[in-house]
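Chemist: Structure, please.
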Amino acid sequence: MKESGSLNSRNIDKKAATPRYVVVGNAPSSGSTLLGDLLDSTPLTVCGPELGVWCNPYLYQSPGRHFFDGFFRRHPSSSLYQPFNSMNRSRLHHYALDSGEFRAAFGAINDSKAFPLEFGGRFAAFRGRASAIWCEKTPENIQYARRFLDSFSDGYFVHLVRNPLYVADSLFRRGYSMGVSVFSWLFEVSNLHDLTHDRLITLRYEDLVDQPFETIGQLVGKVTGRRVTPDEVERAYEANEYRQAVSKKQVKGWRIRRHGMVIDGNRHQVNDVVRAAFSAAADYRISDYWSKAYGLPALSFREALRYFGYEIPARQRSDIFGHSVHKAFTLSDRMRFLKKHWFFSQARKSGFSKSMTWPVALSDSSVRDHGSQARSIRNPDKRLKL
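Modeler: Okay, the predicted model is just below:
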């Protein structure tokens, strides 16, 4: 349900008892670097570069297997654009640490719940804001949102969502294949489909770039219960030398290249080939194989668009996918899928066939005699706003 304001949320009337950290997750190319820049520009919050510490499944497991070991391992990812998740140790220096110091400072912690408090507190002190809330933004965090909310009661999860047409266009310009570019958004947002939680906040990219400083003020106020004015955020954002250094806008295909600029990345002409492929993609859903392997719903693109409030594209006459959508994925994509699912099968002894690794299938609404019916949405407009 669309209401006035810039911040979407779902049933977040109750606040975390003692919010100590904020975790941000999203599909790739959704504007999380801008969000990180802004979250680091208030007196109440700090945000470093993508580190991936929350992409450690050991953090969410019951005691007995030391969570710290997971920071130095690769973990299978449900995403299409990268096969594994792991901590980005090359960025520890932005947190005033190296790998040895990281081990020395946190390796002896036995309780996974204590780790984010210790790590966030140390980082906030390094930034000169000892009582600030630590915000960590890594797109792949979205794959662990449910486990985070179930396991950690001291934090919020912020989902940044962007119109998938522009996500696809950005990824394609960055050099990803058509299949990965078009379908990545669906596979990431499916992790949050039908999830309602007191500490889940959904923030639309379109609202963020429309009113960036007001939106951050509302978001921080919701989490902390304290007021931050838009003017405070704007002044700190423009003078934030730390984020200028750690979030250089150098990714191929990005339209915003300089810190201090807030530009709506959706205000440009989308490549006609991408637009046609996006229209064709609306007829597909997450395959049964991928759904079973990663616990994702067999969600259709149309359902996801409807659920997150984006326009369903008009059907176009296009041979971009035709009857062989797999041609939209390159040979290197196919080899990556095989490799990652071979790893998954060996590690989990799941018994999946390596010949069944295709991530998408035609939805039931498109081909009535194909596969099982995609799951329907319950209350697709079940969204509240501040």
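
Chemist: from here on, contacts and neighbour counts on C-alpha atoms
Modeler: OK.

Chemist: would you list every one of the strands in the protein?
Modeler: 8-9, 21-26, 45-47, 75-76, 84-85, 133-137, 155-161, 200-204, 284-286, 360-362, 384-385 (DSSP state E).

Chemist: now those in CSV, with mean pLDDT and mean neighbour count?
Modeler: Output for these, formatted as CSV (pLDDT from 0 to 100; neighbours: other C-alpha atoms under 10 Å):
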stretch, mean pLDDT, mean neighbour count
strand 8-9, 48, 24
strand 21-26, 98, 24
strand 45-47, 97, 27
strand 75-76, 90, 18
strand 84-85, 92, 20
strand 133-137, 97, 27
strand 155-161, 97, 25
strand 200-204, 97, 23
strand 284-286, 94, 26
strand 360-362, 86, 22
strand 384-385, 30, 18
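
Chemist: May I see the ones you listed organised as JSON lines, with distance to Leu92 added?
Modeler: Converted to JSON lines, the strands of the chain look like this (distance: least, C-alpha to C-alpha, whole Å):
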{"stretch": "strand 8-9", "distance to Leu92": "31"}
{"stretch": "strand 21-26", "distance to Leu92": "17"}
{"stretch": "strand 45-47", "distance to Leu92": "13"}
{"stretch": "strand 75-76", "distance to Leu92": "19"}
{"stretch": "strand 84-85", "distance to Leu92": "16"}
{"stretch": "strand 133-137", "distance to Leu92": "13"}
{"stretch": "strand 155-161", "distance to Leu92": "22"}
{"stretch": "strand 200-204", "distance to Leu92": "27"}
{"stretch": "strand 284-286", "distance to Leu92": "35"}
{"stretch": "strand 360-362", "distance to Leu92": "36"}
{"stretch": "strand 384-385", "distance to Leu92": "36"}
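
Chemist: Kindly report the domain assignment for the protein.
Modeler: Domain assignment for the chain by automatic domain parsing gives 8-246, 277-365.

Chemist: Mean neighbour count, those domains: which tops it?
Modeler: domain 8-246 (a mean of 19; mean count of other C-alpha atoms under 10 Å).

Chemist: which regions of the stretch 51-200 of the chain sit below the pLDDT cut-off?
Modeler: By pLDDT under 70, the low-scoring segments of the stretch 51-200 of the chain are 62-65.

Chemist: Okay, buried residues for stretch 263-270 please.
Modeler: Applying a neighbour-count criterion of 16 or more other C-alpha atoms under 10 Å, the buried positions in stretch 263-270 are Asp264, Gly265, Asn266.

Chemist: ok, Gly107 touching His66?
Modeler: No: the criterion here is C-alpha atoms under 8 Å, and Gly107 misses it with His66 at 9.4 Å.

Chemist: Of the buried residues of stretch 263-270, just say which sits nearest to Leu59.
Modeler: Within these, the smallest distance to Leu59 is 34.6 Å, found for Gly265 (C-alpha to C-alpha).

Chemist: From Ser90, how far out is the closest one?
Modeler: 28 Å (C-alpha to C-alpha, to the nearest Å).

Chemist: Over to Asn266?
Modeler: 31 Å.

Chemist: Same check on His193?
Modeler: Distance check for His193 against Ser90: by C-alpha to C-alpha, it reads 33 Å.

Chemist: How about Ser29?
Modeler: For Ser29, the distance to Ser90 (C-alpha to C-alpha) stands at 21 Å.

Chemist: Then Gln244?
Modeler: In this view, Gln244 and Ser90 are 18 Å apart by C-alpha to C-alpha.

Chemist: Please convert the domains of the chain to CSV, extending it with distance to Asn271.
Modeler: Shown next, in CSV, are the domains of the chain (distance: least, C-alpha to C-alpha, whole Å):
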stretch, distance to Asn271
domain 8-246, 7
domain 277-365, 10
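
Chemist: Val270 is nearest to which of those?
Modeler: Closest approach to Val270 among these (C-alpha to C-alpha): domain 8-246, 6.3 Å.

Chemist: and Gln269, what does it touch?
Modeler: By C-alpha atoms under 8 Å, 6 or more residues apart in numbering, the contact set of Gln269 is empty.

Chemist: same question, Val53
Modeler: Val53 makes contacts with Phe71, Ser86, Met87, Asn88, as judged by C-alpha under 8 Å, 6+ apart.

Chemist: now, which of the residues you listed lie within helices?
Modeler: If you go by DSSP state H, the contacts of Val53 have nothing in helices.

Chemist: related to what we said a few turns ago, who wins for proximity to Leu38 among the strands of the chain?
Modeler: strand 45-47 (8.6 Å).

Chemist: For the closest one, which outside residues touch it?
Modeler: So strand 45-47 is contacted by 36-37, 39-40, 124, 127, 129, 132-137, 220 (C-alpha under 8 Å, 6+ apart).

Chemist: 6 Å instead, please
Modeler: Applying C-alpha atoms under 6 Å, 6 or more residues apart in numbering, the external contacts of strand 45-47 come out as Gly36, Asp40, Ala132, Ile133, Trp134, Cys135, Glu136.
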